[in-house]
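K.L.:
Provide a 3D model corresponding to the input given below.
(one chain, ligands or ions: 1)
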Amino acid sequence: MLPGDVGGGLLLARPAWHARAACRGVGADQFFVEKFGDLRPARALCSACPVRDECAAQGDEEEAGMWGGLTAGERRKARTDARRARRARAAPAA
Ligand code: SF4
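P.N.:
Numbering: from 1, shown residues only. Just a heads-up that it's a prediction; the model follows:
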């Protein structure tokens, strides 16, 4: 999520990819909704965004908001799934 406010703070230097974001110029309130709020407009923007991967990487550890098309809960689940997959690959074969 952009466009300037991140976690209640202001970005001091925007990454170059911000210029290509589908949500450029869209209010941050679309991406930081109350519990059970409507995220469909944000999801629609994110689904067609050319910098979705960059956004997801930047927002991976953020506690709130939609980043790269994922909510905080979805990001937590993705991290857990990735950790489990890494452990399964590292485990010696029986
Ligand atoms: S993925 Fe979504 S929140 Fe991130 S830059 Fe693109 S439109 Fe904005």
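K.L.:
who's in contact with the host helix or strand of Thr80?
P.N.:
When elements are assigned from DSSP states H and E, Thr80 belongs to helix 72-90. Residues lying outside helix 72-90 but in contact with it, judged by CB atoms under 8 Å, 6 or more residues apart in numbering, are Ala56, Gly59, Asp60, Glu62, Glu63, Ala64, Gly65, Trp67, Leu70. To be clear about C-beta, it is placed using only N, CA and C from the backbone, and glycine gets the same treatment.
K.L.:
any idea how far the third one is from the ligand?
P.N.:
Right, Asp60. Applying CB to the nearest ligand atom, to the nearest Å, the value for Asp60 to the ligand is 12 Å.
K.L.:
so who does that residue touch?
P.N.:
Asp60 makes contact with Trp67, Arg75, Arg79, according to CB under 8 Å, 6+ apart.
K.L.:
so how far is Arg20 from it?
P.N.:
Summarising the geometry, the distance separating Asp60 from Arg20, computed by CB to CB, to the nearest Å, is 19 Å.
K.L.:
got it, and Gly37?
P.N.:
As for Gly37, its distance to Arg20 is 26 Å (criterion: CB to CB).
K.L.:
can you check Arg52 too?
P.N.:
Between Arg52 and Arg20 the distance, using CB to CB, works out to 10 Å.
K.L.:
now the chain, which segments are flagged as low pLDDT?
P.N.:
Counting by pLDDT under 70, the chain contains low-confidence ranges at 1-11, 94.
K.L.:
the protein against the ligand: which residues are in contact?
P.N.:
Counting by CB under 6 Å from any ligand atom, the chain comes close to the ligand at 1-2, 21-23, 31, 45-46, 49, 51-52, 55, 66-69.
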